[in-house]
Structures are given as structure tokens and as C-alpha cells.
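> Below are the sequence and a predicted model; questions follow.
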Amino acid sequence: MVILTLILWLILITSRLLNSLLATFGLYGTVDFPTRIYNNSITTIDNIFINTANQNSISVYPWINGLSDHDAQIIVLHDIAIRTYEKKLYFCRRFNRAAITYFNLKLSYESWNDVFSYNDVNVSFNKFLNTYLTIFYSSFPTKTVHDSPFSKAWLTQGIKIYCINKRKLQT
């Protein structure tokens, strides 16, 4: 009897320590009923952890399917706010060797006589800047890019190359 009490006490302490540790990461257990019933053993071994402590916004129910000694859990999320994502647009310029060569060529064909014909430094600078920016904008046009909220930031260039090579090997 003493050993059984000691085991139950250790399980309770371990369960509290685990819940405390998970709470430090913002995770809270939702299952408070046995999920595995086998012979004389009842355990809550299967859990669902969520990142909100508001237990009023969820309901968890067991689903006994009769196929296993583990019961499934069904979680119902009440009053959940679904974020709507907007497609964001931003503009960028593409720089490549061909565009840079074209830009340098256009700069070399430009006569800078208008820039040097004025005695006023401000007027000369404005003429230079207008000419330079005209050539720059025509050499490197802006492109509209749609920023997807579902972009996969974890998908690195190495993983993309690996996937391409894998597809080549499969064909």
C-alpha cells in the first residue's frame, strides 16, 4: 500500500513538472480523461497541447473506435479567429550581367554636354541626375512581386536544389 501511494505521488509530481515545463513554452495540455484502457491499466498517454490557457474556448472529447486500446481525441475550437491574409505587393529591380552591360553601354553613348554647360552647380547636378536616372530606370525596370503569406521560409535554396535533383532521378 505504501509503495502504491508513493508511485501515485511520483506520477502526480512528474505530471505537474511536465505541465509546468510546457507552460513555460506557452503550451497547455487539454486531455484530462484516460486515453488508453488495457486490462487493469488506465493512462492518459495521448495528449493534445495548445498554445492558449483559455480552456473555455476548446472542448476535448474521447472517440472510442474499438480498433485499438487507445482512444482518439476530438478537439473542438470555439470562437476561433481565422486570420485573413492580404497579398502584399512590392516592387523590385532585377540586376543581371546583361542588364548591367546594357546600362554601361547606354551611359557610354550619353553626351554629357548638358551637364557641363551650366555654371550653376545645382542645375548641373539636376541635369546629371535626371539623365542618369532615366538610363537607370530604362535599364533596370521595376517588377511587381506578390508577397505570399504562405511562403515557406524554411525551404532553403539547398532543399530546393535537392528536390529538383530528386525529381530528375525519379523520371
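Looks like it came in fine.

> Please tell me the pLDDT value assigned to the residue in the chain sticking out farthest from the centre.
For the chain, the largest distance from the centre (CA atoms, centre = their mean) belongs to residue 119, which lies 56.0 Å off. pLDDT, residue 119: 87.

> In three-state terms, how would it be classified?
Residue 119 carries the three-state label coil when classified by DSSP: H, G, I helix; E, B strand; the rest coil.

> go on, the one 3 residues further on?
Secondary structure assignment for residue 122 (three-state DSSP): helix.

> ditto for residue 90
Secondary structure assignment for residue 90 (three-state DSSP): strand.

> Can you tell me who it pairs with across the strands?
For residue 90, the beta-bridge partners are residue 145 (DSSP bridges).

> Got the domain ranges for the protein?
2-77, 88-170 (automatic domain parsing).

> The ones you listed: lowest mean pLDDT?
When I compare the domains of the chain, domain 2-77 is least confident, with a mean of 77.

> quick one: contacts for residue 112?
128, 131 (CB atoms under 8 Å, 6 or more residues apart in numbering). Heads up, the C-betas are built off the backbone N, CA and C, glycines and all.

> now do residue 142
By CB under 8 Å, 6+ apart, the contact set of residue 142 is 91, 92, 93.

> Out of those, the closest to residue 158 would be?
Within the contacts of residue 142, the smallest distance to residue 158 is 23.0 Å, found for residue 92 (CB to CB).

> What's the end-to-end length of stretch 98-117?
End-to-end distance for stretch 98-117: 32 Å, by CA to CA, to the nearest Å.
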